[in-house]
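Undergrad: Sequence first, then the predicted structure:
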Amino acid sequence: MTALLQVKNVSRYFGGLKANEDVSFEVPQGSILGLIGPNGAGKTTIFNCITGFLGLSRGEIFFDGNSIGGVQPDRICKLGMVRTFQKVKPLARLSVLDNVVVGALCRTRSPAQARALAREQLELVHMGHRADALAGGLPIGERKKLEVARALATQPKMVLLDEVMGGLNPAESEDLIELILAVKKRGLTQIVIEHDMKAIMRISDRVVVLNAGRKLAEGTPQEVVANPAVVEAYLGAALAED
Amino acid sequence: MRLFRSRQAWLGLLLIACALLPALIKSPYALHLFILVFLTVMLGESWNIIGGFGGQYSVGHAAYFGIGAYTSMILLRDHQIPPWFGVWAGMAIAVAVALVIGAICFRLRGPYFVLASIAVAEIMRNGALNWKGLTNGAEGILAEVPPFVLGPLHIDFVGKVPYFYLGLILAVMSIVANALVRVSKLGYYLQAVREDQDAAHSLGIPIALTKNTGLAISAALTALGGGFYALYTGFIDPAGVLGIDVSIQLVLVCIIGGIGTVAGPILGAVVLVVLSEALRSNLLASALFAVGVPQGSAIGQFLKTNLAQAHVLVYGILVVVTVLFMPDGFLGFFRAIVSRRKRAEANS
């Protein structure tokens, strides 16, 4: 069986800068891929390429049997793939509920149906009590959760999470880890960019390491942390920080 | 829900009160003011769909207003087609123009749409000035309005009363259109695009289609307003219906009333029409004299001769004050007061 997402030899250049060079990996249905690497390794760039925010300089991407290189983000969302943003993008002057309603409208006919779905999604991230608050006034932890709830409301097959745990305290991170695992249980496929190695070890089925735009290593979490090249390029620094 | 029902009841009462007004008010000038308010409400609500909900600040809506006005007047003059039919052609042309502008300008982000919208309206104004065979240039078009006949219904457009009711109907229609857009899928999409285009795009919202749909609806309603204006005044010229002050007026109505809300443009229209009429009839100077500014003094003389022409200046001051102290317009300001009072009551 072919994987739900196939990234094949993708390169993305900005002028002379090679943000991604010949990156390939696959994400099988229902699994979680951890994507790690030092700052500037091209993690967010590959997210932007996969979700249509950037065109490809070279290579191909297949999602669910469709070639999606250069396809617009809204089309990709309709195909069933949604992302969150590292720098969260709440619809600030809309209520928390309406933020999720916007996502829910992707696959519902009427705003009334969308509202029912949105309430469910808010409960899932334990934010039901915040439904009427303005999204712009939320603290960072709740903004991150709102971002995830809004993405899930589009009823995707696959979710790409860009550092949803960045800037959160341990309790909030734990909430999100449990949310990611719950989403996996529902059969969704995920790619997770994260710097917190403990979290990556817990949730990932496989890990891809990017460094300077190229794929440095790929394997199970255990294989990757034991890989000398990975320790050299990334983990050494990460462990030193702890 | 109870709040909603009581609000509906209030709106119904207000509407009935408005409908009864011509029976009480006989002064043509007072009726004229109401007609101006209705027209301004309608235009503000039209702009609000793309500017308020969509966050795409068009400063060129005079283009659509002028298209509606000119199309209905030219069809009336050359083909004796009454404006209530002609305006449909005007609306169709306005939508076509809007889609062309949108297709070109909505690819760009930031201030480019604003600039392009101004440019298009100015092109139209210059076109109307110079295409004399069609528009009669700066002299404008004057036309007599035929009576409206539908079966037993026969309405002569003489006096203010028929225009009053027509204006009221159009204003209510545009308010309802706004309220419907607001709770529709399109309304959510427009607001999402306004708040964050990338987030909207990632959530499956087709950006260009959403903006173009919003602009098309807005343009059609604005053209309808232009047709009504032409019918009411019976005379149009390029400066009057295609000037940049028409475009700015629509934006101001929304900024002052409260952008992106249904009730905002209503409030803004009342404030602006009353204010501009007060300035024109020099009420402001009279009020200053009444509170003790000596009329005979040099300052008094200066005010008396100049304040009536200070229209734009006072508009400007009002906008600055609104933006500084009431960034959500009069409506937002009143809402803040109400919610503060409620909170105080809840605390005590």
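TA: On my side now, so go ahead. This structure is a prediction, so every number in the text was calculated from the model and none was measured.
Undergrad: Those residues of chain A touching chain B, which are they?
TA: A:51, A:53, A:72-74, A:77-78, A:82-83, A:85, A:89-94, A:98, A:101-103, A:105-106, A:110-111, A:114, A:150-151, A:154 (Cβ under 8 Å from any Cβ of the partner chain). In short, each C-beta sits where N, CA and C put it, glycine included.
Undergrad: can you count the residues close to A:Pro90?
TA: 23 (other Cβ atoms under 10 Å in any protein chain shown).
Undergrad: Over to B:Gly332?
TA: Applying other Cβ under 10 Å, we find 18 other residues in the vicinity of B:Gly332.
Undergrad: what sits against it?
TA: B:Gly258, B:Thr261, B:Gly264, B:Met326 (Cβ atoms under 8 Å, 6 or more residues apart in numbering or on different chains).
Undergrad: Which member of the residues you listed is positioned nearest chain A?
TA: B:Thr261 (11.0 Å; Cβ to the nearest Cβ).
Undergrad: Name only those of the residues of chain A next to chain B that count as buried.
TA: Members of those that pass the buried threshold by neighbour count (16 or more other Cβ atoms under 10 Å in any protein chain shown) are listed as A:51, A:53, A:72-74, A:77-78, A:82-83, A:85, A:89-91, A:94, A:98, A:101-103, A:105-106, A:111, A:114, A:150-151, A:154.
Undergrad: Select from these every entry located in helices.
TA: Filtering those for membership in helices, criterion DSSP state H, returns A:Pro73, A:Asp74, A:Cys77, A:Lys78, A:Asp98, A:Val101, A:Val102, A:Gly103, A:Pro111, A:Ala114, A:Arg150, A:Ala151.
Undergrad: Let me know whether the second one touches B:Ile207 as I believe.
TA: What that stands for is A:Asp74. Yes - at 7.0 Å, A:Asp74 counts as touching B:Ile207 under the criterion of Cβ atoms under 8 Å.
Undergrad: what sits in contact with each of these two?
TA: By the contact definition Cβ under 8 Å, 6+ apart, A:Asp74 and B:Ile207 are jointly contacted by B:His201.
Undergrad: quick revisit: let's have the contacts of B:Gly332 in a markdown table, adding neighbour count and distance to chain A.
TA: Supplementary listing: the contacts of B:Gly332 in a markdown table, determined by neighbours: other Cβ atoms under 10 Å in any protein chain shown; distance: Cβ to the nearest Cβ, whole Å:
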| residue | neighbour count | distance to chain A |
| --- | --- | --- |
| B:Gly258 | 27 | 12 |
| B:Thr261 | 22 | 11 |
| B:Gly264 | 26 | 14 |
| B:Met326 | 17 | 16 |
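Undergrad: which pair in these spans the largest distance?
TA: For these, with distances taken as Cβ to Cβ, the pair at the greatest spread is B:Thr261 and B:Met326 (12.8 Å).
Undergrad: in the top helix by length along chain B, what counts as buried?
TA: Ranked by residue count under DSSP H, the longest helix found in chain B is helix B:207-233. For helix B:207-233, a neighbour-count test (16+ other Cβ under 10 Å) marks B:207, B:210-232 as buried.
Undergrad: In chain A, which helix is the longest?
TA: Among all segments of chain A classified by DSSP H, the helix with the greatest residue count is helix A:170-185.
Undergrad: Which residue ranges of chain A form helices?
TA: Taking DSSP H as the criterion, chain A carries its helices at A:43-50, A:73-79, A:96-104, A:111-124, A:140-152, A:170-185, A:197-203, A:221-226, A:228-230, A:236-241.
Undergrad: Could you do the stretch 1-150 of chain B as well?
TA: Ranges of helices in the stretch 1-150 of chain B, per DSSP state H, counting those that start in this stretch, are B:2-24, B:28-47, B:62-79, B:83-105, B:112-130, B:132-135.
Undergrad: Chain neighbours aside, what residue packs nearest to A:Leu152?
TA: For A:Leu152, the nearest residue in space outside its immediate sequence neighbours is A:Gln121; the separation is 5.4 Å by Cβ to Cβ, 6 or more residues apart in numbering or on different chains.
Undergrad: got the contact list for that neighbour?
TA: The contact partners of A:Gln121, taken as Cβ under 8 Å, 6+ apart, are A:Val100, A:Gly103, A:Ala104, A:Ala149, A:Arg150, A:Leu152, A:Ala153.
Undergrad: Same list (those) but as a markdown table, adding pLDDT.
TA: Output for these, formatted as a markdown table (pLDDT from 0 to 100):
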| residue | pLDDT |
| --- | --- |
| A:Val100 | 97 |
| A:Gly103 | 96 |
| A:Ala104 | 97 |
| A:Ala149 | 96 |
| A:Arg150 | 96 |
| A:Leu152 | 96 |
| A:Ala153 | 96 |
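Undergrad: now chain A, which segments are flagged as low pLDDT?
TA: Along chain A, the parts satisfying pLDDT under 70 run over A:1, A:237-242.
Undergrad: which residue of it sits farthest from its center?
TA: The C-alpha centroid of chain A is most remote from A:Ala112, which lies 28.0 Å away (Cα atoms, centre = their mean).
Undergrad: Next one: that one relative to A:Val101, how far apart?
TA: When distances are taken as Cβ to Cβ, to the nearest Å, A:Ala112 and A:Val101 turn out to be 10 Å apart.
Undergrad: Same check on B:Gly86?
TA: Applying Cβ to Cβ to B:Gly86 and A:Val101 gives a distance of 41 Å.
Undergrad: and if you look at B:Ala63?
TA: Taken as Cβ to Cβ, the spacing of B:Ala63 relative to A:Val101 amounts to 34 Å.
Undergrad: show me the contacts for the residue farthest from the centre of chain A.
TA: When contacts are counted by Cβ under 8 Å, 6+ apart, A:Ala112 is found next to no other residue.
Undergrad: Ok, A:Ile200 next?
TA: With contact taken as Cβ under 8 Å, 6+ apart, A:Ile200 is in contact with A:Gly34, A:Ile36, A:Val192, A:Glu194, A:Val207, A:Pro221.
Undergrad: And the contacts of the longest helix of chain A?
TA: Among residues not part of helix A:170-185, those counted as contacts by Cβ under 8 Å, 6+ apart are A:30-32, A:124-126, A:141, A:144-145, A:148, A:152, A:159, A:161, A:164-165, A:168, A:190, A:192, A:196, A:199, A:202-203.
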